[in-house]
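Have a look at this prediction, sequence included:
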Amino acid sequence: MRWNLLALALAGWQGQAAATAIPMREAAKFSDKMSCTIDGAATFSASGAQVRITRLGAVEGPAVLSFGLGMTAASNGQTHEIDTGAIELPAKEGHYQFPRPGQDGAWSSVYRIRNGANAVVEDYTGKAWWQFYGVAAQGAQARLMLDIDRLNELELGRRYGRPLRFNMSGQFRFNAAWAAGVDGKLAQACRAATPWSIPAAAPAVDARRDPAACGVRQHLVECAFEVYLELPYRR
């Protein structure tokens, strides 16, 4: 009512009496931003279309958000791609781990490097890190760690069929590994060491998990983000 009275007063002052002349407030504009540091050294930044958000949805009641975060940045003739994988969490600020504490396994986080011809030359995953380093420990280092510092739902009203809109900022980090091999070739002991080929129940001390034999490289990926989420509202 307050907005309507103010608009009508302004319209009358300008000699415009028709109610249809009341202007609507423009939707706020947002620019997604993300900055990632690799091993505390090289930093890549992205904004706008370079920030990738997989918008999966939100359910009613105490809202549960399903989405993924990622970015693409070009540097020195290479393209760096970072992705959290799909995550699900309540619509509130806090600290989250994936997989959740007490759950075994790896997460689908990815740090990928492509050359100028768009071919993948290095492919680091959280799953590979878990297979080579995290099976024995099963600590936080083998998980995607996510901190939501700010989560504001935009006041557009919840209604079935209308998306939920949020401003969200925070940080995430994960370890990722890649079996690069030695001189470009995998050792015999490591040829079955692709993460999906090693049973989770296999002994932690396993030649297929020997990082040195497999020529494994690893990175710690740490990112800060500020994004606009528009998620389909599902019952």
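Sure, I can see it. Numbering: from 1, shown residues only.

can you give me the strands in this structure?
Along the chain, counting by DSSP state E, strands occupy 33-38, 42-47, 51-59, 64-75, 78-83, 87-90, 94-98, 110-114, 120-125, 144-153, 164-179, 216-231, 233-234.

Tell me the buried residues in the fourth one?
Of the residues in strand 64-75, those buried under the neighbour-count criterion (16 or more other Cβ atoms under 10 Å) are 65, 66, 67, 68, 69, 70, 71, 72, 73. Where C-beta positions appear, they are placed from N, C-alpha and C, glycine not excepted.

what helices or strands is it leaning on?
strand 33-38, strand 42-47, strand 51-59, strand 78-83, strand 87-90, strand 216-231 (3 or more Cβ pairs under 8 Å, 6 or more residues apart in numbering; DSSP states H and E).

Just to check, residue 106 is in contact with residue 133?
No. Here residue 106 does not reach residue 133: they are 10.6 Å apart, not a contact under Cβ atoms under 8 Å.

any shared contact partners between the two?
Counting by Cβ atoms under 8 Å, 6 or more residues apart in numbering, the common neighbours of residue 106 and residue 133 are residue 142.

When the two are compared, which one has more neighbours?
The residue with more neighbours, out of residue 106 and residue 133, is residue 106; 23 against 19, by other Cβ atoms under 10 Å.

residues near the nearest residue to the more buried one once chain neighbours are set aside, how many?
In space, and not counting its chain neighbours, residue 106 is closest to residue 130: 3.5 Å by Cβ to Cβ, 6 or more residues apart in numbering. Counted with other Cβ under 10 Å, residues neighbouring residue 130 total 25.
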